[in-house]
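Trainee: mind looking at a prediction? Sequence and model below.
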Amino acid sequence: MTAQQDAIWVVSERVGDGQGYALTVHYSDDVSQSLEASEAVTYAATVTRAAVVADSEAAVYQQLTTALDLAPQETAPVITALREQRPESYTAGPLTITPGISAFTGRGFLRCAARDRSWQWDIDGARQHARQVLDVASGVEFDRAYEETLVSLLGVDVSTASAVVYDVAAYRET
């Protein structure tokens, strides 16, 4: 199964010769991370946690500037105090995520980096990516079982079976 979010690919892909399928997050052509099912849950939780932090800090900013009528610069001590009680950034393998608030819109965002590549996610995009990771992780075992069944029961060669599995995985994502 392939899912793309801001040029980050989340894929259930065949690994090794007869070793089955694994979830891989591709950050670029040369930076990727393979995840076991339990690691995928931890990864998705890390991305979600960072998104919740950024969204919550943005909500506090909005509340202070509207309900309490504070000037944007007057919110800084509160936001700083909150940030001192959490990690500066969150890490999942090569991925580093730093929550922030846009000075222009007051909305939360995530500044992300994986080795030499950096990008920014809005909150919805980050949450969508976390869901995609969980969706693909949930399909990996099915992909392995389906390929094995095609080969053993129907006598389909491995490369054809792999292509058929890829088509089903792509269908799952729609």
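Mentor: Now that the structure is in, tell me what you want to look at. Numbering: from 1, shown residues only.
Trainee: and stretch 125-142, what's buried?
Mentor: 125-137, 139-140, 142 (16 or more other CB atoms under 10 Å). Heads up, the C-betas are built off the backbone N, CA and C, glycines and all.
Trainee: list of residues touching stretch 125-140?
Mentor: For stretch 125-140, the surrounding residues in contact (CB atoms under 8 Å, 6 or more residues apart in numbering) are 1, 3, 5-6, 8, 10-12, 20-23, 25, 35, 37, 40-41, 43-45, 47-48, 50-51, 54, 97, 110, 121, 169, 172-173.
Trainee: which stretches in this structure count as helices?
Mentor: For the chain, the helices defined by DSSP state H occupy 37-66, 76-83, 123-154, 158-173.
Trainee: least reliable of these going by mean pLDDT?
Mentor: Ranked by mean pLDDT, these bottom out at helix 158-173, with a mean of 86.
Trainee: how about stretch 164-174: buried residues?
Mentor: Buried residues in stretch 164-174 (16+ other CB under 10 Å): 165-166, 169, 172.
Trainee: and stretch 78-98, by the same measure?
Mentor: 78, 90, 92-93, 95-98.
Trainee: pull the most distant pair out of those.
Mentor: Greatest spatial distance among these (CB to CB): 78 and 93, at 32.4 Å.
Trainee: residue 106 contacts residue 60, correct?
Mentor: No. Contact criterion CB atoms under 8 Å: residue 106 and residue 60 do not qualify, at 10.3 Å.
Trainee: still on that earlier bit, just the buried residues of stretch 125-142 now: which is nearest residue 70?
Mentor: For the buried residues of stretch 125-142, the nearest to residue 70 is residue 126 (27.1 Å; CB to CB).
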